[in-house]
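[1] Kindly return the folded structure for what I paste below:
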Amino acid sequence: RQITLPFVDRIFPDSRAGTDHLERCHPEFSSRMDMSLLGVVDLGFLNRASSDGVFRLISCSMIRPEKRVELILDSVMRVSKLRPDKKFEWTHIGNGPSREELQMRADREYHPNAKAYFPGYSDHETLMRLYREKSFDLFVNLSETEGTPVSIMEAISCGVPVLATAVGGNREIVSAQNGFWVEKNTSVDEIASVILSAIDTPDVMEAKRSGSRRVWETQYNAHRNFSEFARMLKQIRLGS
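    This next block holds a predicted model:
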């Protein structure tokens, strides 16, 4: 970076965390940095909370060690054991070498009141159809490191509350307004406690659903963000 940055006209980190990191490591180039948030488009619908007594969770990522999908599996198992009178469904969208192993483990170890689904990779159109047609009560991201996940942007654009680790851009896209934080070194018990809190406070969760949509509208609306990005590129082109 020390070699390449002198030849760059402008640097556009997509989060405050990324901007702060670059300014801290390369302060001599701070005048060239402009945070430019990513975004997703408005598909014109809102996801609905479950109304049939099942608490539904969704996650979306490649299945790699740093994504800690297994931690989600263990947390859903724990909360279903703590609340045997409640039904749980967890869907993980994404592929990886351990996908079938995780599915078999959930089938083997989950309590009768919990189910897990690992359908694999989904393209954007199919994923948005899932959000449109099926209810989800909580989006979960327990990665040990993150940028600003597009998967969370997609979830909040549909009004789904989020549970995420407080790493990278997650700190900016998730707040008390639209979800819950847990620390990077969180435990299964702590995650289960947060999920139980979500189950036991439907009024709070309804407010967080509205909050998710507001966060998308004010910060991650693709139409607004990409138009502003184009404006900044034009200024560079004109030399202003």
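[2] Can you pull up the most central residue in this structure?
    residue 152 (2.8 Å; Cα atoms, centre = their mean).
[3] which stretches of the chain aren't confidently modelled?
    240 (pLDDT under 70).
[4] measure residue 58 to residue 74 for me?
    From residue 58 across to residue 74, the span is 17 Å (Cβ to Cβ, to the nearest Å). Placement of C-beta: from N, CA and C, glycine included.
[5] Give me the more crowded residue out of those two.
    residue 58 (24 against 18; other Cβ atoms under 10 Å).
[6] which residues touch the more buried one?
    90, 91, 92, 93, 136, 138, 139, 140, 155, 160 (Cβ atoms under 8 Å, 6 or more residues apart in numbering).
[7] Quickly list what it is bridged to.
    Counting by DSSP bridges, residue 58 is bridged to residue 91, residue 139.
[8] quick revisit: so which of the contacts of residue 58 is the most crowded?
    residue 155 (30 neighbours).
[9] Apart from its chain neighbours, what residue comes closest to that residue?
    In space, and not counting its chain neighbours, residue 155 is closest to residue 139: 3.9 Å by Cβ to Cβ, 6 or more residues apart in numbering.
[10] quick one: that neighbour and residue 163, what's the gap?
    Relative to residue 163, residue 139 is positioned 7 Å away (Cβ to Cβ).
[11] Which neighbours do these two have in common?
    residue 179.
[12] which residues of the chain fall in strands?
    54-60, 87-93, 114-120, 138-141, 162-165, 179-182 (DSSP state E).
[13] Most tightly packed of the ones you listed?
    Neighbour counts (mean count of other Cβ atoms under 10 Å) averaged over each of those peak at strand 138-141, with a mean of 26.
[14] chain center to that strand: distance?
    Mean-position distance between strand 138-141 and its chain equals 6 Å (Cα atoms, centre = their mean, to the nearest Å).
[15] what sits against residue 57?
    Per Cβ under 8 Å, 6+ apart, neighbours of residue 57: 72, 76, 88, 89, 90, 91, 136, 137, 138, 139, 140, 195.
[16] pretty sure residue 192 is in contact with residue 80, am I right?
    No. Using Cβ atoms under 8 Å, residue 192 is not in contact with residue 80; the gap is 9.0 Å.
[17] so what sits against both of these two?
    With Cβ under 8 Å, 6+ apart as the test, residue 192 and residue 80 reach no residue in common.
[18] Return the residues in contact with residue 88.
    54, 55, 56, 57, 76, 79, 80, 113, 114, 115 are the contacts of residue 88 under Cβ under 8 Å, 6+ apart.
[19] Check the gap between the fifth one and residue 154 for me.
    Plainly put, residue 76 is 21 Å away from residue 154 if you go by Cβ to Cβ.
[20] What of the last one?
    Remark: distance between residue 115 and residue 154 (Cβ to Cβ) = 23 Å.
[21] try the third one
    Between residue 56 and residue 154 the computed distance is 16 Å (Cβ to Cβ).
[22] One more: the first one?
    When Cβ to Cβ is the yardstick, residue 54 and residue 154 sit 22 Å from each other.
[23] And the second one, by the same measure?
    Here residue 55 is placed at a distance of 20 Å from residue 154 (Cβ to Cβ).
[24] Ok, the fourth one next?
    With the distance defined as Cβ to Cβ, residue 57 ends up 15 Å from residue 154.
[25] Leaving aside the residues adjacent along the chain, what's closest to residue 111?
    Leaving aside its sequence neighbours, residue 111 sits nearest to residue 80 (Cβ to Cβ, 6+ apart; 4.9 Å).
[26] right, and that neighbour touches residue 113 too?
    Yes. Contact criterion Cβ under 8 Å: residue 80 and residue 113 qualify, at 5.3 Å.
[27] Tell me which of the two has more neighbours.
    Under the criterion of other Cβ under 10 Å, the comparison of residue 80 against residue 113 puts residue 80 first, with 22 against 16.
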